[in-house]
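> sequence first, predicted coordinates after that:
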Amino acid sequence: MNNYLLKIVLLCTFFILFSSEILIPTTVFKPNTAGVVLSFDDDYINEWYATNQKLKKYSWKASFCVSKINTLTIFELKKLQELQKEGHEIAGHAYNHYNAVDFICDHSIEEYRQQEINPMLDLMNFYGINVTSFVYPYGSRNKKLDAALLQQFKIIRGRAFCETNPKKQGCYYDNKRLVFSFSIDDTHNHFNIPYLLKLLDYSKVNNKIVILNCHKTVNIVNGDYQTKNQTLELICKYIKKNNMKFYSLSDFTPQQYTILQ
């Protein structure tokens, strides 16, 4: 009797396995080289393009996270296309750059997608820009937004704030589809060159990828949300000197699945 029941259980298990869809994990992104993600937010296309000309000699790579694509000129769009052709990533940063959490206080998440995500993707696709990553404006996010947007993007990025210990800073890639970045804008409260070097040192020693973000790139800082080209060149020199690697957000494949039927 026991043998009979065992056979029934085995047959049922066999039937379930081979008659339904099963998700089998096949690939986990495990970087074997420490490095950096340099990401740039908003719509400073001309400044980013000029910075790229300065940093090409380092064979660098970056993620340019674009908002308000509907306001860009044809010349700016061509520059984005050229950056993509050179191997840089163009990521999404919303259509109108609304604060997502504030927006869904008065609207649904679906309305947010209809106003901020879908038109952005449609227009970027029209211009031949392939987008697989999304960056929250102002770093403003919550779990419900994450769940909705991870249906459309491979990876999404928020912001890491306020930790003084590099080990505890939340800006290292950890094989998850939600990542966080540390701002290197010159006027950011917690940014300074010695601390930046500590983040890079920690990444090098512990084989980590540190994720950094900034906005407008300039030679001389004269306002908020600006990063010196000198700072970016310092990072590039550090990466090359220490045999580290440049990554983009789209390089990360936290977990891929094969469907068995």
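Happy to help now that I have it. Residues are numbered from 1 along each chain as shown.

> okay, strands next: where are they in this structure?
Applying DSSP state E to the chain gives strands spanning 22-27, 35-42, 63-66, 89-92, 133-135, 155-159, 178-183, 209-214, 216-218, 226-228, 245-247, 256-260.

> put together JSON lines for the ones you listed, with mean pLDDT on each row.
Shown next, in JSON lines, are the strands of the chain (pLDDT from 0 to 100):
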{"stretch": "strand 22-27", "mean pLDDT": "42"}
{"stretch": "strand 35-42", "mean pLDDT": "98"}
{"stretch": "strand 63-66", "mean pLDDT": "98"}
{"stretch": "strand 89-92", "mean pLDDT": "98"}
{"stretch": "strand 133-135", "mean pLDDT": "98"}
{"stretch": "strand 155-159", "mean pLDDT": "96"}
{"stretch": "strand 178-183", "mean pLDDT": "96"}
{"stretch": "strand 209-214", "mean pLDDT": "97"}
{"stretch": "strand 216-218", "mean pLDDT": "98"}
{"stretch": "strand 226-228", "mean pLDDT": "98"}
{"stretch": "strand 245-247", "mean pLDDT": "98"}
{"stretch": "strand 256-260", "mean pLDDT": "36"}
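
> right, and those - which one's nearest Asn118?
In terms of CB to CB, the element of the strands of the chain nearest to Asn118 is strand 89-92, at 10.6 Å. C-beta: built from backbone N, CA, C; applies to glycine.

> for the closest one, which outside residues touch it?
The contact list for strand 89-92, computed with CB atoms under 8 Å, 6 or more residues apart in numbering, reads 39, 61-66, 80, 83-84, 117, 120-121, 124, 129-135, 153, 157, 248-250.

> the residue nearest to Thr187 when sequence neighbours are not counted: how many residues sit nearby?
Excluding its sequence neighbours, the residue lying closest to Thr187 (CB to CB, 6 or more residues apart in numbering) is Asp224, at 5.2 Å. Asp224 has 11 neighbours, counted by other CB atoms under 10 Å.

> pretty sure Asp224 contacts Asp185?
Yes: assessed by CB atoms under 8 Å, Asp224 is found in contact with Asp185 at 7.3 Å.

> surely Glu76 touches Ile45?
Yes: counting by CB under 8 Å, Glu76 does reach Ile45; the two are 4.1 Å apart.

> okay, the strands of the chain in TSV with distance to Lys143 next?
TSV is the format used below for those (distance: least, CB to CB, whole Å):
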stretch	distance to Lys143
strand 22-27	22
strand 35-42	22
strand 63-66	21
strand 89-92	20
strand 133-135	15
strand 155-159	11
strand 178-183	9
strand 209-214	20
strand 216-218	31
strand 226-228	30
strand 245-247	26
strand 256-260	21
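
> show the residue spans covered by the helices in the stretch 51-200 of the chain.
Using DSSP state H, counting those that start in this stretch, the helices of the stretch 51-200 of the chain run over 74-85, 100-106, 109-112, 118-126, 143-149, 193-205.

> show me the contact partners of the first one.
Which is helix 74-85. Here helix 74-85 makes contact (CB under 8 Å, 6+ apart) with 43, 45-46, 48-49, 52, 64, 66, 69, 72, 90, 127-130.
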